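Colleague: Sequence isn't available, so here's the structure alone:
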């Protein structure tokens, strides 16, 4: 591999993700790189600079907005469960 590109194996070690995950992420446009499909074979090209930029800007801590959305979702589920349990017939 030349110095301008990074191998899938290197990316796997850095991200702790599988080959399939990385290639699928590239195909879906969620990860820097490109995939050329030839029959059943997928050839991957990952520019080192784009990968490094992606990893340096990738935030590993959740945003406040994400935390609030998760808490709201949990509260809604909890209320739904309580409501369902409250409306159950009491068999004794």
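Modeller: Done, it's in. Just so you know, these numbers come straight off a predicted model, no measurement behind them. Numbering: from 1, shown residues only.
Colleague: ok, how many other residues are close to the residue nearest to residue 6 when sequence neighbours are not counted?
Modeller: Nearest-residue entry for residue 6: residue 48, 4.5 Å, with adjacent residues in sequence omitted and distances by CB to CB, 6 or more residues apart in numbering. For every residue, glycine as well, the C-beta is placed using N, CA and C. By the criterion of other CB atoms under 10 Å, residue 48 has 17 neighbours.
Colleague: Go ahead and confirm residue 48 touches residue 7.
Modeller: No: the criterion here is CB atoms under 8 Å, and residue 48 misses it with residue 7 at 9.7 Å.
Colleague: I believe residue 35 is in a strand; please confirm or correct that.
Modeller: Yes: using DSSP: H, G, I helix; E, B strand; the rest coil, the secondary structure at residue 35 is a strand.
Colleague: Can you name the residues that contact it?
Modeller: Shown in contact with residue 35 (CB atoms under 8 Å, 6 or more residues apart in numbering): 23, 26-27, 42-45.
Colleague: Which entries within the residues you listed meet the buried criterion?
Modeller: Among these, the ones that count as buried by 16 or more other CB atoms under 10 Å are 23, 26, 42, 44.
Colleague: Mind checking which of those land in helices?
Modeller: 23, 26 (DSSP state H).
Colleague: Taking the buried ones among the contacts of residue 35 together, which two end up most distant?
Modeller: 26 and 42 (9.0 Å; CB to CB).
Colleague: would you list every one of the helices in the protein?
Modeller: Counting by DSSP H, the chain has helices at residues 8-15, 19-27, 48-57, 64-86.
Colleague: Export the ones you listed as TSV, with columns for distance to residue 35 and mean pLDDT.
Modeller: Listed next are the helices of the chain as TSV, based on distance: least, CB to CB, whole Å; pLDDT from 0 to 100:
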stretch	distance to residue 35	mean pLDDT
helix 8-15	10	92
helix 19-27	5	89
helix 48-57	14	88
helix 64-86	29	80
